[in-house]
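**Q** one predicted model, sequence on top.
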Amino acid sequence: MPAPITVVIPTLNAAAELPGSLGALMEGLSEGLIREVVISDGGSTDATLDLAEEAGAELVTGAPSRGGQLRRGCAVARGEWILVLHADTQLAPGWASVVAAHIQEGQGTTDLRSSAYFQLKFRAKGVAATLVAGWANLRARVFGLPYGDQGLLMPRANYLAAGEYPDQPLMEDVALVRRLKTLTPLPVTALTSAARYQRDGWLRRGAGNLWTLLRYFLGAEPQELAREYHK
């Protein structure tokens, strides 16, 4: 029986972070969970494509847009389950046994609650990193809004029923999880880069992210939000 999971990772000049993300997946390979890894690239000019090829990943290329890249990557997935990870996110040791148990529990179900996410933790020390990650995990649990850097595990059938990722450059994760409705928090840490927060300041970046989310809910166009986000 084929391994159940297709891992989909969107990339854009991710050579510095991709090896860590791929390395953390090795325990899933050894436990027979991962059928394939799909790298959906948006036009990298660094060594990202070489690293993907060396890792034996399937490569999908297209225009740079996180939502579009994820949509293209998930479209070629052959696994019954899709695990979406950002290139700068690393699942903590022990994730494979937790995911295997979750898949076993959700086998053959169409219940949207079989979709799940991980617990965010930044690869940085300090009170600010702890507080921002704590807010992200609270937001996910209370409001059902995990972001992409927390990782997302879902049956492919549920993903398709929810309408797939929209081809938009920002808030594609929010758009999808709102249609997935109830998600299950998994007791596994997703260790993600704190580079943006360290560059812009924890308070400024955190407040900016919250303001971007509010504007999205109020109807702002994702393209406009993306231009301001990436300034």
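**A** Alright, I've got the coordinates.
**Q** ends of stretch 38-46, how far apart?
**A** End-to-end span of stretch 38-46 (CA to CA, to the nearest Å): 18 Å.
**Q** and the strands in the chain, which stretches?
**A** Assigned by DSSP state E, the strands in the chain fall at 5-11, 34-41, 58-61, 81-84, 89-91, 116-122, 152-155, 184-192.
**Q** between those strands, which one is nearest to residue 103?
**A** strand 81-84 (6.0 Å; CB to CB). C-betas here are computed from N, CA, C, even on glycine.
**Q** neighbouring strands of that closest one in the sheet, and parallel or not?
**A** With DSSP bridges as the test, strand 81-84 is paired with strand 5-11 (parallel), strand 152-155 (antiparallel).
**Q** what comes up buried for that strand?
**A** 81-84 (16 or more other CB atoms under 10 Å).
**Q** flag the shaky bits of the chain, pLDDT-wise.
**A** Scanning the chain for pLDDT under 70 picks out the ranges 106-113.
**Q** nearest residue to residue 94 in space, please, no chain neighbours.
**A** Spatial nearest neighbour of residue 94, chain neighbours left out: residue 188 (6.8 Å); criterion: CB to CB, 6 or more residues apart in numbering.
**Q** please name the residues that touch that neighbour.
**A** 91-92, 94-95, 98-99, 118-119 (CB atoms under 8 Å, 6 or more residues apart in numbering).
**Q** try residue 169
**A** Counted by CB under 8 Å, 6+ apart, residue 169 has contacts 64-68, 222-223, 226.
**Q** which of those residues fall within helices?
**A** 66-68, 222-223, 226 (DSSP state H).
**Q** I'd like these laid out as CSV, including distance to residue 153.
**A** Shown next, in CSV, are those (distance: CB to CB, whole Å):
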residue, distance to residue 153
66, 18
67, 18
68, 21
222, 24
223, 28
226, 25
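**Q** need the buried ones from the residues you listed selected in ChimeraX.
**A** Only the buried entries of the ones in helices among the contacts of residue 169 go into this ChimeraX selection, using 16+ other CB under 10 Å:
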select :66,67,68,222,226
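**Q** out of the strands of the chain, flag the one nearest residue 52.
**A** Across these, closest to residue 52 is strand 34-41 (CB to CB), at 4.1 Å.
**Q** that closest one to strand 5-11, inter-axis angle?
**A** Orientation check (axes from the mean of the first three to the mean of the last three CA atoms, to 10 degrees): strand 34-41 against strand 5-11 gives 20 degrees.
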